[in-house]
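K.L.:
sequence and predicted structure are below.
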Amino acid sequence: MSGHSKWSTIKHKKEATDHKRGQIFTKLVRAITVAARDGGPDINSNFKLRLAVEKAHQINMPKVNIDRAIEKGTGAGSMGFMEAVYEGFGPGNTAVIVEVLTDNKNRAVSELKKVFEMAGGSLGQPGSVAFLFDKKGRLVVEKKPAADKQMLKLIDLGVEDVVETETGIAVLTPANHLDEVKSKVEAEGFLVKEAQLVYLAKNYLDLDQAIREKAENFLESLDDLDDVQEVYSNL
């Protein structure tokens, strides 16, 4: 029985992982489709599409899926998708910005409200928390053993800020300079692992453990919604 129980646990974990991976694929396919619709299928002239395609490569999305999504974006299949940004407050008065890409706005709002309300939070009006965030460009550069030297070299390129993280070196830029800075960083021989536009909190909350866990679960529940592309908070 113990062997069966262990296999059941592994199986359920694998199913959960496969589900999450499939969910990420679905979200990225939408992002690629809409980017191609709005800016055309050429990734060299469409920066938004290039970012989405690079993100797809990072999670090993098959090329055929990417090509199909671009093709769909240049046809009539993407006409129903709408982009929207929602703001609100979660547990511990956590400020949240949610980027949504949906073919049914009423459904998306209903699902968001449900998650917010179940966590004791609420959706706010446009602008209710946006002033607590700055929109920035962010690159994550592969970190090498001499990280300090890398960071100094990046600072010399005139970037806005450089922060060492567990996964690499985060480079911050003004949102409208992300493409330019990315090209400059790559020209200096750095490997850019991620590049995206993000909302960064101006200040972060310091919550006690119980409220923090509740807030983290709330943010994860938002991220699990199919229509949600990105979730940002000041947690």
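P.N.:
Happy to help now that I have it. Residues are numbered from 1 along each chain as shown.

K.L.:
what is the neighbour count of Gly80?
P.N.:
9 (other Cβ atoms under 10 Å). Backbone N, C-alpha and C define where each C-beta goes, glycine included.

K.L.:
mind checking the SS state of it?
P.N.:
Following DSSP: H, G, I helix; E, B strand; the rest coil, the label given to Gly80 is coil.

K.L.:
ok, now which ones touch it?
P.N.:
Asp103 (Cβ atoms under 8 Å, 6 or more residues apart in numbering).

K.L.:
same deal with Arg37?
P.N.:
Neighbouring residues of Arg37 by Cβ under 8 Å, 6+ apart: Gly73, Thr74, Ser78, Met79, Phe81.

K.L.:
any idea which of those the model trusts least?
P.N.:
The lowest pLDDT within the contacts of Arg37 belongs to Ser78, which sits at 65.

K.L.:
would you turn the contacts of Arg37 into CSV with distance to Ala56?
P.N.:
Below are these laid out as CSV (distance: Cβ to Cβ, whole Å):
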residue, distance to Ala56
Gly73, 13
Thr74, 17
Ser78, 16
Met79, 22
Phe81, 17
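
K.L.:
now the two most distant members of those.
P.N.:
Farthest pair in those (Cβ to Cβ) is Thr74 and Phe81. Separation: 13.5 Å.

K.L.:
between those two, who's got more neighbours?
P.N.:
Taking neighbours as other Cβ under 10 Å, Thr74 and Phe81 compare with Phe81 leading, 18 against 13.

K.L.:
touching, that one and Asn104? I think so.
P.N.:
No - counting by Cβ atoms under 8 Å, Phe81 stays clear of Asn104, with 9.8 Å between them.

K.L.:
how does this structure divide into domains?
P.N.:
2-73, 82-131+203-233, 133-200 (automatic domain parsing).

K.L.:
mean pLDDT lowest where, among these?
P.N.:
Minimum mean pLDDT among those: domain 2-73, a mean of 80.

K.L.:
how about the helices of the protein, start to end?
P.N.:
Counting by DSSP state H, one finds helices in the chain at the ranges 2-39, 47-58, 63-73, 105-118, 147-156, 178-187, 209-223.

K.L.:
just give me the neighbour total for Ile211.
P.N.:
Count around Ile211 with other Cβ under 10 Å applied: 16.

K.L.:
now swap in Met151 and tell me
P.N.:
18.

K.L.:
what does the one 3 residues further on give?
P.N.:
By other Cβ under 10 Å, the residues close to Leu154 number 22.

K.L.:
got it, and Gly40?
P.N.:
For Gly40, using other Cβ under 10 Å, the count is 14.
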